[in-house]
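**Q** next input, structure requested:
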Amino acid sequence: MSKSKSTTMSMSALPHHTKGTRGPLEGLLVLDIAQFLSGPSAALRLADLGARVIKVERPGTGDICRTLYLTDTDIAGDSTLFHAINRNKESIALDLKDPRDLVALKGLLARADVMIQNFRPGVIERLGLGHEAVHALNPRLVHASVSGYGETGPWASLPGQDLLAQSLSGITWLNGHEGDGPVPLGLSIADIQAGHILTEGILAALVQRGVTGAGARVETSLLEALIDLQFEMLTTYLNDGRRMPRRADYRNANVYLAAPYGLYPTADGYLALAMMPLGQLADTLPLPALTGFTADEAFTRRDEIRRLIALALVQQPTAFWLARLRPADVWCAEVLDWPRLMETEAFARLGMLQTVERRDSAAVWTTRGPLRIDGQRAVSKRGAPRVGEDTEKVLAEFGLSR
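**A** Numbering: from 1, shown residues only. Predicted coordinates for the structure are as follows:
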């Protein structure tokens with residue numbers, strides 16, 4: 001693997017943003033005993049909100065995500081993915097199969113507010129860290145878990161991996177064109193969605209604890225996250241005689257939405273058109289042929305209609321169409337790639353980029369949290385830790401040994 005490939009913009013070119021006020025979760029202690037994406041992404045959200053997150057890793061190799069490379073690029077020995085999802089955390093190295101290390105971890109759990117884990121079902125119980133065990137140790141602890149497909153049932157022991165979960169969830173049949181095979185989303189959508197849902201559950205459990213004084217068990221799975229992500233489509237399917245929707249043959253963007261909804265080539269790029277009456281578009285393009293289609297035909301003949309629209313839009317550059325369509329309140333947008341997005345004023349004004357650095361001076365460009373509280377977005381300058389770099393400090397702080 002290559003070591004720390006440089007980016008096209010210097011780190012010093014990042015805009016400076018004023019440090020926000022005290023985070024709303026400051027004072028809470030979170031133990032991140034998870035690996036890969038789903039669990040650690042929930043811990044990242046809590047860290048962005050001000051919680052102290054201590055990542056518990058196996059000695060030596062650490063989280064497997066450290067070597068889960070998205071490209072041939074690593075930064076100071078760890079994957080860019082690991083850096084992105086584990087910034088602003090401390091790391092302690094404990095062997096959970098070593099009785100002495102397990103005692104040390106239980107000492108931390110006795111003082112923690114949240115524990116996050118995503119072992120396969122049954123593993124956390126065999127380690128002696130299941131909900132009942134940790135609840136007896138610390139009744140105020142929120143015990144948060146992500147599995148692949150639930151804790152019981154015929155799929156419980158299957159690997160909880162994003163592409164596998166997408167394939168089982170039915171979501172891959174919403175993408176691509178009619179006649180294509182299934183097409184997965186080009187993101188780890190199951191992991192990230194499950195992490196967001198877990199964060200939501202943890203925050204709800206913490207609010208409940210403020211009322212009752214007792215912790216709770218919070219559980220979700222990759223499959224549940226993907227089912228929830230499809231709630232709009234599944235509700236339509238369940239109430240439409242359970243007829244499977246048909247993907248469009250041309251410019252498919254949503255299996256249930258009529259033309260013109262989709263992405264269209266222009267003379268120099270692509271233009272997105274959202275839902276709208278065809279008559280409105282016919283008058284603005286102008287494209288009189290669209291006026292002959294009824295509202296029902298906008299769905300039943302959507303491929304034919306989209307081809308007519310495409311023939312018109314490809315004649316002029318994107319800027320021409322934006323200048324013509326937006327004043328007429330036609331919902332449209334230019335289709336941007338990452339470089340062009342980052343050149344826009346709209347992106348710059350959001351302040352969504354930051355550089356983080358860890359003790360070995362490894363500097364990483366990454367995103368910032370998507371939330372603003374009292375007008376402030378969290379700033380976390382601490383990069384992802386080295387394996388176990390905080391072990392001795394943390395154990396000494398809590399009066400623990402191993």
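**Q** now Thr73: phi and psi?
**A** phi -110, psi 130 (degrees, to the nearest 10).
**Q** just Ser91 next, same as before
**A** phi -130, psi 130.
**Q** burial of the residue nearest to it when sequence neighbours are not counted, as a residue count?
**A** Nearest residue to Ser91 in three dimensions, chain neighbours excluded: Pro385, at 3.7 Å (C-beta to C-beta, 6 or more residues apart in numbering). Just so you know, the C-beta spots here come from the backbone N, C-alpha and C atoms, and that holds for glycine as well. Applying other C-beta atoms under 10 Å, we find 24 residues neighbouring Pro385.
**Q** now Ile373
**A** Neighbour number of Ile373 under other C-beta under 10 Å is 15.
**Q** over to Leu336?
**A** Leu336: 15 neighbours (other C-beta under 10 Å).
**Q** do the same with Arg377
**A** 18.
**Q** do you know how far the residue nearest to it when sequence neighbours are not counted is from Ala204?
**A** Sequence neighbours aside, Arg368 is the residue nearest to Arg377 in space, at 5.7 Å (criterion: C-beta to C-beta, 6+ apart). Applying C-beta to C-beta, to the nearest Å, the value for Arg368 to Ala204 is 24 Å.
**Q** cool, Ala42 as well?
**A** In terms of C-beta to C-beta, Ala42 sits 13 Å off from Ala204.
**Q** the more surrounded of those two?
**A** Ala42 (31 against 13).
**Q** show the contacting residues for the more buried one.
**A** If you count contacts by C-beta atoms under 8 Å, 6 or more residues apart in numbering, Ala42 has them with 34, 116, 144, 146, 195-196, 198-199, 202.
**Q** thought Gly201 was touching His143?
**A** No - applying C-beta atoms under 8 Å, one finds Gly201 not in contact with His143, separated by 10.8 Å.
**Q** which one of these two has more residues nearby?
**A** Each of Gly201 and His143 has its neighbours counted (other C-beta under 10 Å); His143 has more, 26 against 19.
**Q** following element in sequence after the helix or strand hosting the more buried one, please.
**A** Here His143, judged by DSSP states H and E, is contained in strand 142-147. For strand 142-147, the succeeding helix or strand toward the C-terminus, using DSSP H and E, is helix 162-169.
**Q** mind listing what's buried in stretch 329-337?
**A** Applying a neighbour-count criterion of 16 or more other C-beta atoms under 10 Å, one finds 330, 332, 334 buried in stretch 329-337.
**Q** on that earlier part again, the residue nearest to Ser91 reaches Lys55, doesn't it?
**A** Yes - between Pro385 and Lys55 there is a contact at 6.7 Å, judged by C-beta under 8 Å.
**Q** what residues are shared contacts of those two?
**A** Counting by C-beta under 8 Å, 6+ apart, the residues touching both Pro385 and Lys55 are 86, 89-91.
**Q** of these, which is the most crowded?
**A** Neighbour max across the shared contacts of Pro385 and Lys55 (other C-beta under 10 Å) = Asn86, 27 neighbours.
**Q** name the nearest residue to it, ignoring sequence neighbours.
**A** In space, Asn86 is closest to Ala384, 3.9 Å off (C-beta to C-beta, 6+ apart).
**Q** pretty sure that neighbour sits in a helix.
**A** No - with DSSP: H, G, I helix; E, B strand; the rest coil as the criterion, Ala384 is coil rather than part of a helix.
**Q** do you know how far it is from Leu137?
**A** 28 Å.
**Q** likewise for Glu26?
**A** 24 Å.
**Q** re earlier: higher neighbour count, Ala384 and Leu137?
**A** Set side by side, Ala384 and Leu137 show more neighbours around Ala384, with 30 against 15, by other C-beta under 10 Å.
**Q** buried residues in the longest helix anywhere in the chain, which are they?
**A** Ranked by residue count under DSSP state H, the longest helix found in the chain is helix 189-212. The neighbour-count check on helix 189-212 (16+ other C-beta under 10 Å) flags 189-199, 201-203, 205-206, 209 as buried.
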